[in-house]
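Peer 1: Could you work out the structure for the sequence below:
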Amino acid sequence: MNKTMFAILKILEKHSDIIGSTEISRQLKMHGIDLTERTVRYHLKILDERGFTEVFGKEGRKITEKGREELKHALVSEKVGFVISRIETLSYMTSFDIDKQAGGIILNVSYFNEKDLKGALKIMKPVFKSPFVMSDRLILVKEGERVGDIIVPEGKIGLGTVCSVTINGIFLKSGIPLVSKFGGVLQIEEFKPSRFTALISYEGSSLDPLEIFIRSKMTDITGAVKNRSGRILASFREIPVVCIDEVKRLAKKMADIGIGGILLIGNPNQPLLEMPVDIDKAGMVIVGGLNPVAALEEAGIPTESHAMATMFEYSRLKSLKDALFQ
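Peer 2: As a prediction, the model looks like this:
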């Protein structure tokens, strides 16, 4: 697996339909790879032989399940910095309009078994009513249906939750640059944030930190919600000092329409929850969009999550009681 084949697989993964060598060649230029169609077909032949792609005559190729698995594990060096790069890309693509309460936001997409639906709803209900979610709006879909450009696998329920990177996009549209520093596990004491117990830098990671913490079972969302003390998923961001007043104004405006997530805004040039900040910056703590899914894992319901999975129209999201099924 070289860089070119890796890039081809990444392109194919984004398309649920068949795609030909002409289109692949065009899209490769976006990855900094300029190849003729003939050379693309040469690499595709190798991918075919390895079982990573499937041929559909002259129409083109589709990625196979084996190809998707290869993408998860191949070329880790290519993925270092992938998370921060995706945050920046999706922030720019966010088109949400607060006044109209419409436009594109970023969704995390998670799956759980269809047989677990009733239990999952019972577990998630108090979490969605708590301050530890980005929004109380979500989408639930059945197998074979789409969440954005993602198709829900057979036997699964698809859950789309608002990703915290949506805040980056909303702020960016208002001229406020957010710097995403860390994803972490945040200790809650008496319903208030006290300190981070674990952190992973977005800039140096090839995987989303919050996905890692969920898999490692390092959270206690249920405790935080029911007993006022526990461990939730959260992230640490920085904002320019000159923007603090505008950030607070915008945060209130977002909260008024049901987009919360901002737990704390720090003081200029001062640590926030023991976390230092750069010069002329202030810290900000934002809840993780995958907290409801972490609660399912804590209860023994197996899940598979993809943070920052897709763009989605905000106005199509529903409350938990109204979300079954769109």
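Peer 1: Could I get the CA-only coordinates of the host helix or strand of residue 235 as PDB?
Peer 2: Applying DSSP states H and E as the criterion places residue 235 in strand 230-240. What follows is strand 230-240, C-alpha atoms only, in PDB (Å, rounded to 0.1, in the frame of the first residue of the first chain):
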ATOM      1  CA  GLY A 230     -18.700  11.400  37.200                       C
ATOM      2  CA  ARG A 231     -16.500  11.600  34.100                       C
ATOM      3  CA  ILE A 232     -17.700  13.000  30.700                       C
ATOM      4  CA  LEU A 233     -16.200  13.500  27.300                       C
ATOM      5  CA  ALA A 234     -15.100  17.100  26.600                       C
ATOM      6  CA  SER A 235     -12.600  19.100  24.600                       C
ATOM      7  CA  PHE A 236     -10.400  22.100  25.300                       C
ATOM      8  CA  ARG A 237     -10.200  25.000  22.800                       C
ATOM      9  CA  GLU A 238      -8.600  28.400  22.700                       C
ATOM     10  CA  ILE A 239     -10.100  31.700  21.600                       C
ATOM     11  CA  PRO A 240      -8.400  35.100  21.000                       C
END
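Peer 1: Show me what that strand packs onto, helices and strands only.
Peer 2: strand 179-189, strand 192-201, helix 209-215, helix 221-226, strand 281-287, helix 291-298 (3 or more CB pairs under 8 Å, 6 or more residues apart in numbering; DSSP states H and E). Glycine gets a C-beta too; all of them are placed from N, C-alpha and C.
Peer 1: Could you double-check that residue 102 lies in contact with residue 313?
Peer 2: Yes - under the criterion of CB atoms under 8 Å, residue 102 makes contact with residue 313 at 7.1 Å.
Peer 1: Could you point out the helix or strand that follows the lowest-mean-pLDDT helix or strand in the chain?
Peer 2: When the helices and strands of the chain are compared on mean pLDDT, DSSP states H and E, helix 76-79 comes out lowest with a mean of 59. Using DSSP H and E, the helix or strand that directly follows helix 76-79 along the chain is helix 82-93.
Peer 1: measure stretch 214-223 end to end?
Peer 2: Its start and end residues considered, stretch 214-223 measures 15 Å (CA to CA, to the nearest Å).
Peer 1: Mind listing residues that contact it?
Peer 2: Under the criterion CB atoms under 8 Å, 6 or more residues apart in numbering, residues 123, 127, 132, 185, 197-198, 213, 229-233, 290-295, 297-299, 303, 305 lie in contact with stretch 214-223.
Peer 1: ok, now stretch 110-121?
Peer 2: 142-143, 152-153, 155-161, 290, 293, 296, 299, 301-306, 320.
Peer 1: picking up where we left off before, give me the distance from the next helix or strand after the strand holding residue 235 to the chain's centre.
Peer 2: Moving toward the C-terminus from strand 230-240, the next helix or strand (DSSP H and E) is helix 244-256. In this view, helix 244-256 has its centroid 22 Å away from the chain centroid, taken as CA atoms, centre = their mean, to the nearest Å.
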